[in-house]
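Q: predicted model, plus sequence, below.
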Number of protein chains: 2
Amino acid sequence: LKGPILGWDVGGANLKAARVEGDLEPKISERPFALWREPSGLAERLRETARALGGAPEMAVTMTAELADCFKTKREGVGFVLDAFAHAFPGVDPWIFGVDARFHSVEAARRRPLRIAAANWMASATLVAERHPDVLLIDCGSTTTDVIPIVGGRVVARGRTDPARLRSGELVYTGILRTPICAVVRALPFRGRRCRVAAELFALAADAHRFLGAIGEEDYTCDTADGRGRGLGETGARLARMVCADSELLSREEITAIAEEVTRAQVRQIRSGIRQVQRRLAASAPRIALVTGSGAFLARKAAEASGLAVEEPKGARALPAAAVAYLLSRTSPP
Amino acid sequence: LKGPILGWDVGGANLKAARVEGDLEPKISERPFALWREPSGLAERLRETARALGGAPEMAVTMTAELADCFKTKREGVGFVLDAFAHAFPGVDPWIFGVDARFHSVEAARRRPLRIAAANWMASATLVAERHPDVLLIDCGSTTTDVIPIVGGRVVARGRTDPARLRSGELVYTGILRTPICAVVRALPFRGRRCRVAAELFALAADAHRFLGAIGEEDYTCDTADGRGRGLGETGARLARMVCADSELLSREEITAIAEEVTRAQVRQIRSGIRQVQRRLAASAPRIALVTGSGAFLARKAAEASGLAVEEPKGARALPAAAVAYLLSRTSPP
């Protein structure tokens, strides 16, 4: 049996880590970290997080942070994250998980950064496949939703890069917090009729879900669009501004109608990914959805609307971070 | 004959002013000013601009800035802009243009802020109607496009507030610079097939038009999404990121295909506004489009695609600012 392992999922907006040790309950850290705004702070944040979780001699890493627009290319982004680990933990040689579902040394990762980029979904799916051989894993987070088919115990996703996954429906760029509402809907209800929306960062998906009570104030962990608070009055005002109205012009019922339409549109987006995956797999498409992530409630709606049976595992927080740690714990790296 | 008049169009992202004096060519100032980021700087910017244009004893004002999300409500926004004028020009009593096509005193404007909010399109249309009694005025700017029907010399727009105008097709929230691409398209071409896009502020409409050469580097006056430059390599990298790719993954031809699709989608957006206005007016709908604004090239495409004859007046820069000045010059305010 190996000693403790720290698993990392380094995103562009969130840093997640899991400390896994034998059969103990994993210790999880999930915190927003706006990498694109302060990339130089990553190493220090890694150190702090490791300290808070109790540290570990072995580390497993997956990332999506390389897409952040503080990096000119994915190559630069992957290299930057690897540098941050070297800087934060000089005595540790982390293992980097790839879209080939294998671990790679830091040197190998640097040589082939596109094998490392955006592999966190593969970590989750590889772990899930061990216990759930025939499911559609629908992992809905703050920013994106993964729709990963697992058939006969194998991850049968088609895409291996972000663009290929966006094209195949296996990555749907919609989530419950950071998604700009102008990226979700073209029109919203106003006085009973459809009204075009403002192409502005006036409000986020978090405002819709918060206004409807689907998430609490403590779950609204991203920045607000206008720098104001996360109470109902403030989220409502931001939602009203999406049709260029304000809180004096719209009633609570009218703002509720706006928030509900945003939810429905996000469900449609996820359904369209599900439908595309189902169509490709035809008869072998899984009949059961496993919904995970902070947006599991949204994934569930989309799965149910798609006619799937739904299972929601307990304690699946920070799934990719926990997954790389578990996967490394039973691997003899090359 | 009156003396010189300064006309102002105070937007949330741009400050425009025109100094009009008799038959002289108007002097124009158009500068980006991110009001929502530094509202307290407005009075100083007004003073600077007035000084640069040569000042004037009379001023006419129209605004859209009240929508900026630094203001809780439109009421607060209108009041703030009026305060800035009082602060910048203590000796001047500006006249404020309303959606009723009349000028109002500052006191009257404060009492009925919704009559003042977002009236700049009415100023342009009222002036245009004098010379062009039967046209569809399509004014495409950095952020939005107005589609205003003028029939028999009268402005026959249906909406009087931003939400009502978004609903009627007379305001289409798309422009050539600031519009986030994720608010324009749901999918973009990638390797010959349609690919979902990232719901992120990775790239703006300005990147598409710059990459295609429709605007020059000097026309790209808004901030870039990633803080980098406005050259072709940098705009191309931002466009590639919209499908989560990078400049190493996509060829120049592939990025061109992305930029062209963004242009086509914006043209479709404007066409949908034109179509809605045409449908409402039926047989009386104008057959000629008058295209104005920095995005006149986009307005022209939409007008032509709608089967309209197109006229493009010369020297129609900062149209609402010039319009309020001209309109005031021939008005005896109440």
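A: Nice, thanks for sending it over.

Q: so where is chain A shaky, pLDDT-wise?
A: Filtered on pLDDT under 70, chain A yields the residue ranges A:1, A:333-334.

Q: so where's the longest helix in it?
A: Using DSSP state H to define each element, chain A has its longest helix at helix A:252-281.

Q: show me what counts as buried in that helix.
A: Of the residues in helix A:252-281, A:254-259, A:261-263, A:265-267, A:269-274, A:276-278 count as buried by neighbour count, 16 or more other C-beta atoms under 10 Å in any protein chain shown. Glycine gets a C-beta too; all of them are placed from N, C-alpha and C.

Q: and it, what does it pack against?
A: strand A:135-140, strand A:145-151, helix A:162-168, strand A:171-172, strand A:187-190, helix A:205-211, helix A:232-241, helix A:296-305 (3 or more C-beta pairs under 8 Å, 6 or more residues apart in numbering or on different chains; DSSP states H and E).

Q: how far off centre is the first one?
A: I take that to be strand A:135-140. 11 Å (C-alpha atoms, centre = their mean, to the nearest Å).

Q: residues contacting it, please?
A: A:121, A:124-125, A:128, A:145-150, A:175-176, A:270, A:274, A:277, A:285-286, A:288-296, A:298-299, A:302-303, A:308, A:311, A:319 (C-beta atoms under 8 Å, 6 or more residues apart in numbering or on different chains).

Q: how about the fourth one?
A: Contacting residues not belonging to strand A:171-172 are listed as A:121, A:144-147, A:159, A:162, A:165-166, A:269-270, A:272-273, B:196, B:244 [C-beta under 8 Å, 6+ apart].

Q: looking at those residues, which is nearest residue B:221?
A: Using C-beta to C-beta, residue B:244 comes nearest to residue B:221 of the contacts of strand A:171-172, at 27.8 Å.

Q: enumerate every residue touching the closest one.
A: Going by C-beta under 8 Å, 6+ apart, residue B:244 touches A:67, A:118, A:161, A:162, A:163, A:166, A:171, A:173, B:198.

Q: skip the chain neighbours and tell me the closest residue to the residue nearest the centre of chain A.
A: By C-alpha atoms, centre = their mean, chain A has its centre lying nearest to residue A:141, at 3.7 Å. Closest residue in space to residue A:141, ignoring its immediate chain neighbours: residue A:293 at 4.6 Å, by C-beta to C-beta, 6 or more residues apart in numbering or on different chains.

Q: what about the one you found, how many residues nearby?
A: Residue A:293 has 25 neighbouring residues, counting by other C-beta atoms under 10 Å in any protein chain shown.

Q: contacting residues for residue A:294?
A: A:140, A:141, A:142, A:176, A:177, A:215, A:219.

Q: and the closest residue in space to residue A:11 that isn't next to it in sequence, how far from residue A:20?
A: Closest residue in space to residue A:11, ignoring its immediate chain neighbours: residue A:64 at 4.9 Å, by C-beta to C-beta, 6+ apart. From residue A:64 across to residue A:20, the span is 20 Å (C-beta to C-beta, to the nearest Å).

Q: on that earlier part again, tell me how far the residue nearest to residue A:11 lies from residue A:77.
A: 9 Å.

Q: what sits in contact with each of the two?
A: Taking C-beta under 8 Å, 6+ apart as the contact rule, residue A:64 and residue A:77 both touch residue A:117.

Q: before we move on, back to that, so who does the residue nearest to residue A:141 touch?
A: Residue A:293 neighbours (C-beta under 8 Å, 6+ apart): A:139, A:140, A:141, A:145, A:299, A:316, A:319.

Q: neighbours around residue A:44, how many?
A: With other C-beta under 10 Å as criterion, residue A:44 counts 13.

Q: you'd agree it is up against residue A:88?
A: Yes - under the criterion of C-beta atoms under 8 Å, residue A:44 makes contact with residue A:88 at 7.4 Å.

Q: check which helix or strand covers residue A:107.
A: helix A:106-111 (DSSP states H and E).

Q: next one: that helix, is it in contact with chain B?
A: No - applying C-beta under 8 Å from any C-beta of the partner chain, one finds helix A:106-111 separated from chain B by no less than 14.6 Å.

Q: immediately after that helix, which helix or strand?
A: Counting by DSSP H and E, what follows helix A:106-111 is helix A:113-116.

Q: for that next one, C-alpha coordinates in PDB please.
A: This file holds the C-alpha atoms of helix A:113-116, laid out as PDB (Å, rounded to 0.1, in the frame of the first residue of the first chain):
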ATOM      1  CA  PRO A 113       2.000  19.300 -24.000                       C
ATOM      2  CA  LEU A 114      -1.100  18.500 -26.100                       C
ATOM      3  CA  ARG A 115      -1.300  15.000 -24.500                       C
ATOM      4  CA  ILE A 116      -1.500  16.800 -21.100                       C
END
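
Q: residues in contact with residue A:277?
A: Shown in contact with residue A:277 (C-beta under 8 Å, 6+ apart): A:136, A:147, A:149, A:168, A:169, A:170, A:285.
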